[in-house]
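# what's the 3D shape of this:
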Amino acid sequence: QVQLVDSGGGLVQAGGSLRLSCAASGRTSSIYRMGWFRQAPGKEREFVAQISWSGGRTNYADSVKGRYTISRENAKNTVNLQMNRLNAADTAVYYCAAGQAVGYGYWGQGTQVTVSS
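Next up, the predicted model:
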């Protein structure tokens, strides 16, 4: 089992920045990738970014490319999401996720990000 605790959300003005963090514990040796997803009110949960645990390869949704940066700190079993130039469309609950060979099987509790215009 892997446990995830995500944090760092809050209220920010449009154009501002926030940094989310996700701390993993438990069987972290089984993690192949970690990612961030978000869910806005009335919408489906959507992919935001992911990073491979060993090689550090990254992928981003088109909507955040160039504004968000995902990074990992393997020694701390932590993944961060730096979010810049935030806008109202970025308002959502953000979830950290950890995956093994296929898909994502572990999820954090979510952290609210609210961008005021």
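# S30 against G105, yeah?
No: S30 lies out of contact with G105 (CB atoms under 8 Å); the separation is 9.4 Å. (Glycine included, C-beta is placed from N, CA and C.)
# Show me the common contact partners of the two, please.
Common contacts of S30 and G105, defined by CB atoms under 8 Å, 6 or more residues apart in numbering, comprise V2.
# Quick one: mean pLDDT for stretch 88-103?
Mean per-residue pLDDT for stretch 88-103: 94.
# swap in stretch 30-46?
95.
# and the residue nearest the centre of the chain, what helix or strand is that in?
For the chain, W36 is the residue whose C-alpha lies nearest the centre (CA atoms, centre = their mean; 2.7 Å). Using DSSP states H and E, W36 sits within strand 33-39.
# Put the alpha carbons of the helix or strand following that strand into PDB.
For strand 33-39, the following helix or strand on the C-terminal side (DSSP H and E) is strand 46-52. Extracted in PDB, the C-alpha atoms of strand 46-52 (Å, rounded to 0.1, in the frame of the first residue of the first chain):
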ATOM      1  CA  GLU A  46      -8.800  15.500 -15.600                       C
ATOM      2  CA  PHE A  47      -5.100  14.800 -16.000                       C
ATOM      3  CA  VAL A  48      -2.800  17.600 -15.300                       C
ATOM      4  CA  ALA A  49       0.800  16.300 -15.200                       C
ATOM      5  CA  GLN A  50       2.900  13.200 -14.500                       C
ATOM      6  CA  ILE A  51       6.500  12.300 -13.800                       C
ATOM      7  CA  SER A  52       8.200   8.900 -14.000                       C
END
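# in strand 46-52, what's buried?
47-52 (16 or more other CB atoms under 10 Å).
# if I look at G105, how far off is S17?
According to CB to CB, to the nearest Å, G105 and S17 sit 30 Å apart.
# What of L4?
L4 is 23 Å from S17, by CB to CB.
# Looking at these two, which one has more neighbours?
L4 (21 against 11; other CB atoms under 10 Å).
# Now name the helix or strand holding the more buried one.
Short version, using DSSP H and E: L4 is in strand 2-7.
# Which positions in the helix or strand that comes right after that strand come out as buried?
Next in sequence after strand 2-7, counting helices and strands by DSSP H and E, comes strand 10-13. Neighbour counts over strand 10-13 (16+ other CB under 10 Å) mark V12 as buried.
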